[in-house]
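Q: I need the structure of the sequence given here:
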Amino acid sequence: MTLRFSVLASGSTGNAFYIATEKEKVLVDVGLSGKEMERLMEEARVNPEEITKILVTHEHSDHIKGLGIFARRYKLPIYANEKTWKAMEGAIGKLELDQKFVFQMEETKTFGDLDVESFGVSHDAAEPMFYTFHHQGKKVALVTDLGYVSERIKKTVEDADALIFESNHDVAMLRMGRYPWSVKRRILGDSGHVSNDDCALALSEIIGNKTKRIYLAHLSKDNNMKELARMSVENYLNDHGFTVGSGIEIHDTDPKTPTRLYEVG
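A: Here you go, the predicted model:
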């Protein structure tokens, strides 16, 4: 079996990602209640009893809301960097010592038949980081919650077979929306979130010959729409020499509905 994955939930209300090989079944973030996680996994045809570990990106509640309860229920080890552990300990409750592991930023760990590479992002958290997953020459990259896409990140995730990439907001919708200016400034800043336009620009620089699928992730429910995000990215890519729909597919993600389990061929 090659790499299989599902974006179980993605958005400002909760995030969870599942990726699997024959030997490893990994969750990245548990940003929904334990009950909701189980519903999403059942819908995606993922057995929570088979999960082998949980990786954490950062301590914001839409990424760790159900982390403690889920890890205790299924007796799972959790991996996060030291600053994230410190920042989230009060929110996730008591864990056994053999459930707590450190995964530092800019490190690659091998779990069974899966290599996982961590990389830092610019976001207003203690030490936020995301991951690329490697198995049998296939590569899947998960990149959300970042204010801008650095050259280092582009280099790390370029030419992935599948990209789960942030397309958080439409700038005009955000500027005209109901959020106070302090929140708007945070979202638009270098430690905030990537807009549809910035997502499209970054994708045009990291899509490679192997890239077949792009999932637009972490959409704001107040300052974006799936159709708008997809149209913005598709139009930009088509205008810059890519043919969306022929070779490259763009997919939506949702805060309450998992994407279909996809096998990277």
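Q: drop to CA atoms for contacts and neighbour counts, all remaining ones
A: Will do.
Q: what about the spatially closest residue to residue 124 that is not a sequence neighbour, how many residues close to it?
A: Distance criterion CA to CA, 6 or more residues apart in numbering; nearest residue to residue 124, sequence neighbours excluded, is residue 191 at 5.2 Å. Applying other CA atoms under 10 Å, we find 18 residues neighbouring residue 191.
Q: Verify the stated contact: residue 191 with residue 126.
A: No: under the criterion of CA atoms under 8 Å, residue 191 makes no contact with residue 126, lying 11.3 Å away.
Q: quick one: residue 250 from residue 197, how far?
A: 15 Å (CA to CA, to the nearest Å).
Q: can you check residue 99 too?
A: Taking CA to CA, one finds residue 99 at 40 Å from residue 197.
Q: residue ranges for the strands of the protein, please.
A: 4-9, 16-20, 25-28, 53-55, 78-80, 100-102, 108-111, 114-120, 129-135, 138-143, 162-166, 213-217, 249-252, 262-263 (DSSP state E).
Q: Tell me which of these sits nearest to residue 36.
A: Between residue 36 and the strands of the chain, the tightest spacing by CA to CA is seen for strand 4-9, at 10.0 Å.
Q: between the closest one and strand 162-166, how big is the angle?
A: 20 degrees (axes from the mean of the first three to the mean of the last three CA atoms, to 10 degrees).
Q: Give me the sheet partners of strand 4-9 and which way each runs.
A: strand 16-20 (antiparallel), strand 262-263 (antiparallel) (DSSP bridges).
Q: okay, these, which one's buried deepest?
A: strand 16-20 (a mean of 23; mean count of other CA atoms under 10 Å).
Q: Let me see the mean pLDDT of that one.
A: Averaged across strand 16-20, pLDDT comes to 98.
Q: centre of the chain versus it, how much separation?
A: Strand 16-20 sits 9 Å away from the centroid of its parent chain (CA atoms, centre = their mean, to the nearest Å).
Q: Strand 129-135 and that one, what's the angle between them?
A: Calculated by the same axes, to 10 degrees, strand 16-20 forms an angle of 20 degrees with strand 129-135.
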